[in-house]
Structures are given as structure tokens and as C-alpha cells.
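**Student:** Fold the following and give me the result.
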Amino acid sequence: MNSFFGSGQFKEAVRARVQRHHDTDTVRQGVYFREDDLGPSGGRGCFIGCALHSGKHADFASLLGMSSWFARMGEAFFEHSDAEVARGMPLPVYDAIKPGVDLTPIGEQYFGESFGRMRSGMVEYSQVPELMLPQVRWHATPHGERLQKLINAICNLEPEPGFKDELPMDDAYFRSYYGTVIKELETGRVSSASATVASAQRTVAENAVDVNFQPNSPMFTPANVQRVIEAQFQRSLQEAQERIRSSSPISPYRQRRP
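**Tutor:** Numbering: from 1, shown residues only. Model prediction:
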């Protein structure tokens with residue numbers, strides 16, 4: 001996975017959302033995300049909720065470009081820490097993740113052979129500590145020190161050589177909220193992707209697009225988001241069709257003879 005879709009601008013937007021929760025003391029254990037009127041943060045959230053404003057682990061991939069196993073790992077650190085450490089956890093963790101890095105080495109470092117189970121998506125956050133390697137000393141390490149070790153390990157990760165942070169903000173925004181379309185196109189499910197795009201366009205038309213990442217930004221008008229959707233869809237559709245034509249002997253896109 002490519003954290004923050006390789007976009008520094010997008011990371012800063014996510015970080016600003018988490019910062020609002022940190023500053024307004026609306027980081028909470030025991031709840032994914034709960035909307036209320038507690039001010040500019042928009043509600044109370046956990047490690048996952050204050051970044052996504054939802055509680056779906058799978059959304060880490062489509063909305064942040066990070067694997068869902070990392071969501072469960074972060075959730076375990078968060079929920080198994082004392083309240084003071086937990087309240088201060090999300091901001092430095094998200095801050096430590098560089099755009100474009102693959103978090104897989106963290107999973108391998110902490111879980112070893114059990115990492116496969118983490119990646120399977122069948123592990124609840126309550127089971128995570130028991131899967132960690134003995135040398136991690138999860139139970140024997142104070143909560144604050146345990147968290148700092150994780151942050152230090154994340155800080156040491158670097159993007160692949162040659163990586164350039166050049167992804168425009170609107171592309172990152174598209175990939176975040178409409179990443180499902182990309183997955184469907186890459187697996188040849190074009191009709192499903194078309195339905196997803198249509199649904200997204202209806203959402204935009206109804207002015208229900210989440211603009212919390214960049215409040216008041218002129219970039220996130222419904223018309224502009226729809227333009228990004230359409231452009232990305234057409235570009236990805238062409239790429240998917242070309243891949244299928246070149247790799248599949250029974251391509252559904254092959255021209256039929258008259």
C-alpha cells in the first residue's frame with residue numbers, strides 16, 4: 001500500500017483533521033466515531049475514527065492508502081493504553097507516516113510469522129497483543145514507551161528510491177473517496193465501476209461530499225469533484241481495457257467480427 005496515496009498535500013489534510021480532534025480533546029477510547037456538537041472536530045473518535053470519521057478498518061485502504069491490518073494494530077495500541085497516552089496517540093502516529101511508504105516492515109517487525117493472520121483481516125484488535133513477537137515485550141513495556149517505540153519504527157520507514165511526491169491534491173482526494181472504482185477497474189469489473197461512479201456523482205450532485213479535509217477550499221466544489229471523478233474514470237478505464245486486451249485470450253473487450 002502507498003500511504004496517503006503518495007501525496008504530501010493529502011497527508012497534511014488528514015493531519016489537520018486529526019489535529020482538530022487533538023486540540024479540542026475529542027479523542028476517545030471505546031468509540032469509533034460519534035457525531036455531536038463538540039465544535040470544529042465534528043465529533044468524538046478513536047485512533048481510526050478521528051482520521052476517517054467512521055469505524056471501518058477496510059476504509060484505511062480506500063481512504064488513506066494504508067492496509068487494514070495497520071488500523072487494527074493502531075487500534076490495539078490505542079485501546080490498550082491508559083487514557084492519557086491514548087488521547088495523545090493519534091496525532092504523532094499519523095504525523096510519523098511519510099507519504100508513499102509501505103507499512104509492511106512494521107507488521108513483519110512486530111508479528112513475524114503471525115503477520116499473515118493480521119493481513120487476513122480475521123484478527124480483532126483485542127487479539128493483536130497476543131500475536132506480537134516476544135521481543136516486542138508488549139505486556140512488560142510501559143504504555144508511553146511502547147507507543148514511542150512504534151512511532152520511532154514508523155519514522156524510520158522511507159518511500160521507495162525514486163519516489164516523488166507529485167500527486168495533485170484532487171487526485172489524492174479522488175483516490176481516497178472513490179478508490180473502489182480503481183480496484184474494480186483493475187480487476188476488469190467495468191460495469192461495477194460504472195455503477196460506483198454513477199453513485200459517486202449522485203452524491204456530489206446532492207452536495208454530500210465530505211469537505212472536512214480542506215474547509216472552504218475552492219477545489220472541493222461539487223462540479224470540480226465530478227470533473228476529477230470523470231477524468232480518473234476515463235483514464236483508468238482505458239488502462240484497464242488495454243491490460244485486458246494484452247493479457248487475456250478471452251478479453252470481453254475484443255472486437256467481434258461482423
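
**Student:** Phi first, then psi, for residue 46.
**Tutor:** Note on residue 46: its backbone torsions stand at phi -90, psi -160 [degrees, to the nearest 10].

**Student:** how about the CA coordinates for stretch 25-39, as CSV?
**Tutor:** Taking C-alpha atoms only, stretch 25-39 is exported to CSV below (Å, rounded to 0.1, in the frame of the first residue of the first chain):
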residue,chain,number,x,y,z
ASP,A,25,-9.8,17.0,23.3
THR,A,26,-12.2,14.8,21.3
VAL,A,27,-10.0,11.7,21.0
ARG,A,28,-11.9,9.0,22.9
GLN,A,29,-11.4,5.3,23.7
GLY,A,30,-14.3,2.9,23.4
VAL,A,31,-16.0,4.6,20.5
TYR,A,32,-15.2,4.5,16.8
PHE,A,33,-16.8,7.8,15.8
ARG,A,34,-19.7,9.6,17.3
GLU,A,35,-21.0,12.8,15.7
ASP,A,36,-22.0,15.6,18.1
ASP,A,37,-21.8,19.3,18.6
LEU,A,38,-18.4,19.4,20.3
GLY,A,39,-17.1,22.1,17.9
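
**Student:** what's the nearest residue to residue 149 if we skip its chain neighbours?
**Tutor:** Sequence neighbours aside, residue 141 is the residue nearest to residue 149 in space, at 7.3 Å (criterion: C-beta to C-beta, 6 or more residues apart in numbering). All C-beta spots, glycine's among them, are computed from the backbone N, C-alpha and C.

**Student:** distance of that neighbour from residue 77?
**Tutor:** Using C-beta to C-beta, to the nearest Å, residue 141 is found at 11 Å from residue 77.

**Student:** who's more crowded, these two?
**Tutor:** More crowded of residue 141 and residue 77, by other C-beta atoms under 10 Å: residue 77, with 22 against 13.

**Student:** Show me where the stretch 1-150 of the chain has its helices.
**Tutor:** For the stretch 1-150 of the chain, the helices defined by DSSP state H, counting those that start in this stretch occupy 8-23, 49-52, 59, 68-79, 83-87, 90-96, 104-111, 115-120, 128-131, 143-155.

**Student:** List just the one of those that sits closest to residue 162.
**Tutor:** helix 8-23 (16.0 Å; C-beta to C-beta).

**Student:** For that closest one, enumerate the helices and strands it packs against.
**Tutor:** For helix 8-23, the packing partners by 3 or more C-beta pairs under 8 Å, 6 or more residues apart in numbering; DSSP states H and E come out as helix 49-52, helix 90-96, helix 169-177.

**Student:** what helices or strands is the shortest one leaning on?
**Tutor:** This means helix 49-52. Helices and strands touching helix 49-52, by 3+ C-beta pairs under 8 Å, 6+ apart, are helix 8-23, strand 33-35, strand 43-45, helix 90-96.
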